[in-house]
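Trainee: A predicted structure for the sequence below; I have some questions about it.
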Amino acid sequence: MYGERVTSVDRPATAPDPHAEATGPAGGPWPAGVAYQPVEPDRFTRAVLRLHARAPRWAVPLAALGCVGLGMTYALISDPTQSDPDARPTCLLKLTTGLDCPGCGGTRALWYVLHGDLPAAARHHFLFVFALPFLAWLFVAWAGNRAFGWRLPELQLSPKVIGVFLAAWAVFSVARNLPWAPFPSLYV
């Protein structure tokens with residue numbers, strides 16, 4: 001069977017047809033003279049797989065929620081809206097080119113969202129504010145299913161919808177860096 005380890009004890013009783021073509025994992029032919037040999041996982045992979053098998057169902061969603069919580073805490077503590085006008089940007093793209101990156105303004109938008117000021121948040125990163133409810137629902141549906149077995153309605157996004165969103169994000173990222181009116185109003 002595919003992916004099973006075959007030892008001398010486990011060999012089938014009947015010999016395979018030497019004239020039959022060997023098939024690979026996708027059903028296609030293997031090159032002549034090459035037999036499939038499963039790869040033994042290394043020590044680190046085995047440790048991660050053992051840890052995953054022993055972890056409770058809620059551990060991964062809790063860890064993801066902890067990461068989101070740390071991001072929100074950073075945004076609240078750092079108060080990105082009160083930096084000096086001549087402060088060096090922490091974004092590597094902005095530091096080296098002077099251009100706003102696709103995520104530029106996201107931390108400030110998160111800070112304003114956490115303070116309930118949606119117009120100011122949208123001013124800093126409209127697409128982040130637009131995507132936030134969808135991302136929150138995707139996380140709740142995934143975490144609820146993973147941790148508690150809930151079957152919440154999943155948000156079905158077709159590749160076309162995702163492509164349109166990514167294209168809009170790309171246009172927004174370019175437009176906010178254009179130097180002529182009305183685009184400088186998008187500059188953060």
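Mentor: Received it, and whenever you're ready, just let me know what you need.
Trainee: which SSE is residue 62 in?
Mentor: Element membership of residue 62 [criterion: DSSP states H and E] is helix 59-78.
Trainee: which elements pack onto that helix?
Mentor: Judged by 3 or more Cβ pairs under 8 Å, 6 or more residues apart in numbering; DSSP states H and E, the packing partners of helix 59-78 are helix 106-114, helix 126-148. Using the backbone N, CA and C atoms, a C-beta is placed for each residue, glycine as well.
Trainee: mind listing what's buried along stretch 100-117?
Mentor: Neighbour counts over stretch 100-117 (16 or more other Cβ atoms under 10 Å) mark 100-102, 104-113 as buried.
Trainee: so for the helix holding residue 62, what's the average pLDDT?
Mentor: For helix 59-78, mean pLDDT rounds to 90.
Trainee: my guess is residue 105 meets residue 124, correct?
Mentor: Yes: assessed by Cβ atoms under 8 Å, residue 105 is found in contact with residue 124 at 3.7 Å.
Trainee: sorry, back to before: okay if I get the helices and strands packed on helix 59-78 as JSON lines plus distance to residue 80 and mean pLDDT?
Mentor: Output for the helices and strands packed on helix 59-78, formatted as JSON lines (distance: least, Cβ to Cβ, whole Å; pLDDT from 0 to 100):
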{"stretch": "helix 106-114", "distance to residue 80": "5", "mean pLDDT": "90"}
{"stretch": "helix 126-148", "distance to residue 80": "13", "mean pLDDT": "91"}
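Trainee: out of those, deepest packed?
Mentor: Mean neighbour count (mean count of other Cβ atoms under 10 Å) peaks for helix 106-114 among those, with a mean of 21.
Trainee: how far out from the middle of the chain is it?
Mentor: How far helix 106-114 lies from its chain's middle: 20 Å, per Cα atoms, centre = their mean, to the nearest Å.
Trainee: quick check: angle from that helix to helix 126-148?
Mentor: Orientation check (axes from the mean of the first three to the mean of the last three Cα atoms, to 10 degrees): helix 106-114 against helix 126-148 gives 70 degrees.
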